[in-house]
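[1] Build the 3D model from these lines:
(2 chains)
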Amino acid sequence: MKRIPKAVFFIVAILILVFAATAFFGVKYYDGDIQQTSIKGISDIRWGIDIRGGVEATFKPAGDVNATDEQLESAKSIIETRMVSKGITDYELYADYGSDRIIVRFPWKEDETNFDPVEAVNELAATAHLSFRNPSGEEVMDGSSVASARAGVDTSQDSTGQYLVLLDLTDEGAQTFAAITEEYLNQQIAIYMDEIMLSNPTVQSVIADGSAQITGNFTAEEAVELANQINGGALPFDLETASYSAISPTLGQNSLTAMGYAAVIAIIIIALFMIIRYRVPGFVAVIALIGQMALSVAAVTRYFNVFQSFTMTLPGIAGLILSIGMGVDANIITAERIKEEFRSGKTLDTAIERGTKNSLTAIIDGNMTVVIVAIILMLVFGPTNILSGIFGQSTTGTIYAFGYTLLVGVIANFIMGVWLSRLMLKSIAGLKFLRKKSFFGGAGK
Amino acid sequence: MKKTLNFIGKSKIFFGISLAIILIGIVCNLIFGVTLDIQFKGGSIITYGFAGEIDDSQLKDVIQNATPDNQVTFTISQDILSNTAENDAYTIAIQFSGETAITTDTQQAITDALTENFPDNGFEYQETTSVEASMGLKFLFKCLTAVAIASILMVVYVTIRFRRIGGLSAGVMALVALFHDVAMIYFMYVIFRMPIDSNFIAVVLMILGYSLNDTIVIYDRVREERRIAGPKADLAEVFNKSASTVMPRTIATSVTTLVAIGTVYVVATVFGLDSVQGFALPMMIGVVSGCYSSLCIAGPLWVFWNKRKQK
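    Numbering: from 1, shown residues only, chains lettered A, B, ... in the order given. A predicted model of the protein is given here:
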């Protein structure tokens, strides 16, 4: 066996534990009296309505508009797109065609204290009508001419690296825009979102390549938000909020606390089982499992404060349980293989070498087939929505959440449960006082 | 060396057990039917406003007694608009799955029962809305299509990776084992009369992954044993030997998974969370079924298919 330096075990183990501590508890500091978060922990996870409760709002068309079923359907799917782009993958959305109502339920935001449900509801119900207006205030082009929008940074010379929104126009939109920029050369064209003016630039030259940009002292978040809103499209009519209320968790009060207890107890039992049954490989497996969970949690909280947390729902937790189960399994398969090698009389080093090698195909094949399932679920139920041609725009985020946690969990399993776990095992096997077969699951003498 | 367990020899018993459970499930399905949640079926929602605290389970009994024919679910919300410090205002939304038109009798019965049993809470009827299914048939078909695509890719993957042990047959039999597990979970819902909601989909997806992994681990061993034993070896013996050597792993993994989910179940019982129990129980059954189907369904079927081909 190629020896791995003994120090490797300690370095890897310490790195994993430090990472796990930051991923579970977060890193927070006080700036004066205000708590700032630099790395998000479990307490910053955004929980779905099923676990944490949330907001329910009923929308109806403003005024006396009698919406057709198609209009209501398109309004519903636009609200849906807005929620997915805001990272809310757990929601329930109903349309009542009889009374022209759209009912939406969505969870509390990650930090409840700052969460303003009224603002959130208003954002969802915004008409999002993007318009370009000439100096006399007439609308000359609207959002339907925009093919796609994305946030970017101003890279032109003498700029200060400002955030802006870049628009790619449709072919038709490009022609219209060329005509507009020609007509209003050296005049101002204002860009409005609903009744809010975003920017009022002066046309410097005729723009015929179908690209436009909106500058307006945006922060990075505002630019992304605005681009999402433009991509989501405009509602076919103005909406007003008929009612809204806070709802209790559909799984029952305390479900989060209960699941927290259950998780801690289950992890302790599994850790004891692994260490008692497999000794040193079991101990290494426990460290690797902690690392795997930390990676999964970090992928859910998005670790750094600049990213919005993923919404965890019951299916998301199911994906997590499955991937952790697969992680435990990978370590069990390896440890059992090492035991088998001892039984056929191999030495410590050979047993570890052969055991880890022979167990690899089972772990890879098992995990890869599950990865296939996870990726398909994400493609079908996520923002890419590959079956939208057959089933329409609507997606169900809860299933996307399952695919997401499962995929990151399995990737974490490859990093922690397969790669680092083996590295640590081969390294720790070099420690003199541990070099007994019985410590590695072989029959003791 | 440990004793070799004879899985193939007992396969008739295994198939018999599975078929019996499936038959019982079908019979129950015909007698009781299956309850679909309002998310799948659409239905009506009656909303009441009330004030002050009420015990959830007591409320549930009162409503259920008032309308014995319907399976009732409800959600309680805090009414932000009319909530004040002196007066905790709540609304309760009672959902009737599949009933797009609620009779005035039913509505009156519920209103009477609520005002009679909770006179202090000031129940007040607000509105009745009928809703389309938020995850209707379209959603179900979409799930099926997604699962079908994933299944085809999975069979392709298994066919390529396990071509030494008859690739395609291994892939198809793994798929049969998956259908077996989904059927088991579905019939558990039918037999225990639990409504099929989005939790059901989560449980099914989790068990699909779990069972698939279980089957692959055993196939992996068969692939290895077959290489050692050579192409002339009896397939039944090869499978029995492989399954027996993997047994310690199968037991260890199943026990840890069961203990973990069992912990969730026990804690949910302590906290009185019906819904979490209703999620953990079918999951435990799925874990048992997933492990059983890999050893007792996929394996023997694979042996029979390839033996027939050899003749």
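[2] dump the residue contacts of A:Ile247.
    A:Ile49, A:Gly53, A:Gly54, A:Val55, A:Glu56, A:Arg105, B:Thr75, B:Ile76, B:Ser77, B:Gln78 (CB atoms under 8 Å, 6 or more residues apart in numbering or on different chains). (C-beta placed from N, C-alpha, C; glycine too.)
[3] Output the residues you listed as CSV; include the columns secondary structure.
    Below are the contacts of A:Ile247 laid out as CSV (DSSP: H, G, I helix; E, B strand; the rest coil):
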residue, secondary structure
A:Ile49, helix
A:Gly53, coil
A:Gly54, strand
A:Val55, strand
A:Glu56, strand
A:Arg105, strand
B:Thr75, strand
B:Ile76, strand
B:Ser77, strand
B:Gln78, strand
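[4] any residues touching stretch A:49-58, and which ones?
    By CB under 8 Å, 6+ apart, stretch A:49-58 touches A:48, A:90-92, A:101-108, A:117, A:120-121, A:124-125, A:241-251, A:255-256, A:259, A:312-314, B:77.
[5] out of those residues, which are inside strands?
    Counting by DSSP state E, the part of the contacts of stretch A:49-58 found in strands is A:92, A:101-107, A:241-247, A:312, B:77.
[6] Pull out the buried residues from the residues you listed.
    Applying 16 or more other CB atoms under 10 Å in any protein chain shown to those, the neighbour count classes A:92, A:101-107, A:241, A:243-247, A:312, B:77 as buried.
[7] Which one (most neighbours) among the contacts of A:Ile247?
    Neighbour tally across these (other CB atoms under 10 Å in any protein chain shown): the maximum, 29 neighbours, falls on A:Gly54.
[8] So for residue 296, what's the pLDDT?
    If you meant another chain, say so; for now it's chain A. pLDDT, A:Ser296: 91.
[9] Hmm, no, I was thinking of chain B.
    B:Cys296 is given a pLDDT of 91.
[10] what about it, distance to A:Leu431?
    Distance, B:Cys296 to A:Leu431, using CB to CB, to the nearest Å: 43 Å.
[11] Show me which of these two is the more surrounded one.
    Applying other CB under 10 Å to B:Cys296 and A:Leu431 shows that B:Cys296 carries more neighbours, namely 22 against 13.
[12] can you pull out the strands in chain B?
    For chain B, the strands defined by DSSP E cover B:43-51, B:72-78, B:89-97, B:124-131.
[13] likewise the stretch 51-200 of chain A?
    Taking DSSP state E, counting those that start in this stretch, the strands of the stretch 51-200 of chain A run over residues A:54-61, A:92-96, A:101-107, A:130-133, A:139-142, A:146-153, A:163-169, A:190-193, A:196-199.
[14] send the alpha carbons of the fifth one over as PDB?
    Extracted in PDB, the C-alpha atoms of strand A:139-142 (Å, rounded to 0.1, in the frame of the first residue of the first chain):
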ATOM      1  CA  GLU A 139     -44.900  54.700 -24.300                       C
ATOM      2  CA  VAL A 140     -42.800  53.700 -27.400                       C
ATOM      3  CA  MET A 141     -41.800  50.100 -26.500                       C
ATOM      4  CA  ASP A 142     -42.600  47.600 -23.700                       C
END
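[15] Residue 14: neighbouring residues, count only.
    Unless you meant another one, I'm taking chain A. Residues near A:Ile14, counting by other CB under 10 Å, number 11.
[16] please go with chain B instead
    18.
[17] List the contacts of the residue lying closest to it once chain neighbours are set aside.
    For B:Phe14, ignoring the flanking residues on the chain, the nearest one in space by CB to CB, 6 or more residues apart in numbering or on different chains is B:Cys296 at 3.7 Å. By CB under 8 Å, 6+ apart, B:Cys296 lies in contact with B:Phe7, B:Lys10, B:Ser11, B:Phe14, B:Ser18.
[18] Who wins on neighbours among those residues?
    Counting by other CB under 10 Å, top hit in the contacts of B:Cys296: B:Phe7 with 20 neighbours.
[19] residues touching that residue, list them.
    By CB under 8 Å, 6+ apart, B:Phe7 lies in contact with B:Phe14, B:Phe239, B:Asn240, B:Ala243, B:Leu295, B:Cys296, B:Gly299, B:Pro300.
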